[in-house]
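A.B. asks: Below are the sequence and a predicted model; questions follow.
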Amino acid sequence: MSSQERQQKFVVITGANGGIGEALCETFAAKGYNVIATDIQDAAKSGLQHRHYVSIDLNRFVADEGYGNNKTAEILTLVGESKLHCLINNAAVQILGGVDSLSRSEWQTTLNVNLQAPFFLAQAFTNKLEAAKGSVVNISSIHAKLTKKNFVAYATSKAALSGMTRAMAVDLGPRIRVNAIEPAAIKTAMLIDGFKDKPEKLEVLESFHPVEQLGKPAEVAQLAHLLAESSMRFMSGEVLSITGGIRNVLHDPA
């Protein structure tokens, strides 16, 4: 490997095949990063602007240490002698259900994917990230602070992820910066598909935001890139909201 190759910047992005994940891959690739995209599917979707793709089942990554070690080694082989500048924990599952209906398996899967996998991935790549004076960016959610019925597992996992972000930033000190982003409704294909039988409700959701629109995946990606940049050394342990102002709205049905 040449000295130029060793100096290349690498980023690992989980949940790469989702709407925000695709935007993250495109944004970081456009900024000159070598993107290692990961998701549970066997192959990446066509058109993503990244050089590498690793299929990872994050639930199994947490539950099966041998599997986790193998996947870690696969990614580290791709990084090679280069430094890993950023880990973006974007992958998440959203299993809906209330306190009286969620199964143990659903609860554990949610925590494994949304909370424990980000921790163990950061742990696995600590040495590489430290060598680059790099950072971890966790994609949390507005549900970390404000939620609604049947989101108890998802909201719990995201609240814990935001809290873990702060704790990790303290624990890792000057070695690795750790920050998080808490988006509100982002206009992904998955979100739009959820309103295909009730488009009028999507319009209501948009208008409820003070900016009268939903967020764009690219906006989340641009914020993640800003947090990842080495010039932002004083930015650590922060949890930034990107909500179109909706977290300031008091909904009074009267």
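C.D. replies: That came through fine. From a predicted model like this one, the values you see are computed outputs, not experimental measurements.
A.B. asks: So what would you say the end-to-end distance of stretch 131-146 is?
C.D. replies: Here the two ends of stretch 131-146 are set 37 Å apart, with distance taken as CA to CA, to the nearest Å.
A.B. asks: From here on, call the first residue 475.
C.D. replies: All right, first residue 475 from here; so that's stretch 605-620.
A.B. asks: in that stretch, what counts as buried?
C.D. replies: Along stretch 605-620, the positions that meet the burial threshold by neighbour count (16 or more other CB atoms under 10 Å) are 606, 608-619. Just so you know, the C-beta spots here come from the backbone N, C-alpha and C atoms, and that holds for glycine as well.
A.B. asks: Ok, stretch 550-562 next?
C.D. replies: Per 16+ other CB under 10 Å, stretch 550-562 contains these buried residues: 550, 552-553, 556-562.
A.B. asks: what's the distance between it and the middle of its chain?
C.D. replies: Taking CA atoms, centre = their mean, to the nearest Å, one finds stretch 550-562 lying 17 Å from the centre of the chain it belongs to.
A.B. asks: measure it end to end?
C.D. replies: By CA to CA, the extent of stretch 550-562 from end to end equals 15 Å.
A.B. asks: who's in contact with it?
C.D. replies: Surrounding stretch 550-562, the residues in contact under the criterion CB atoms under 8 Å, 6 or more residues apart in numbering are 475, 479-488, 498, 502, 507-508, 510, 526, 528, 595-596, 599, 602-603, 605-606, 608-613, 698, 702, 704.
A.B. asks: quick one, strands of the stretch 525-674 of the chain?
C.D. replies: Taking DSSP state E, counting those that start in this stretch as the criterion, the stretch 525-674 of the chain contains strands spanning 526-529, 557-563, 609-613, 651-657.
A.B. asks: pLDDT averaged over the second one - what is it?
C.D. replies: The reference is to strand 557-563. In this model, strand 557-563 has a mean pLDDT of 97.
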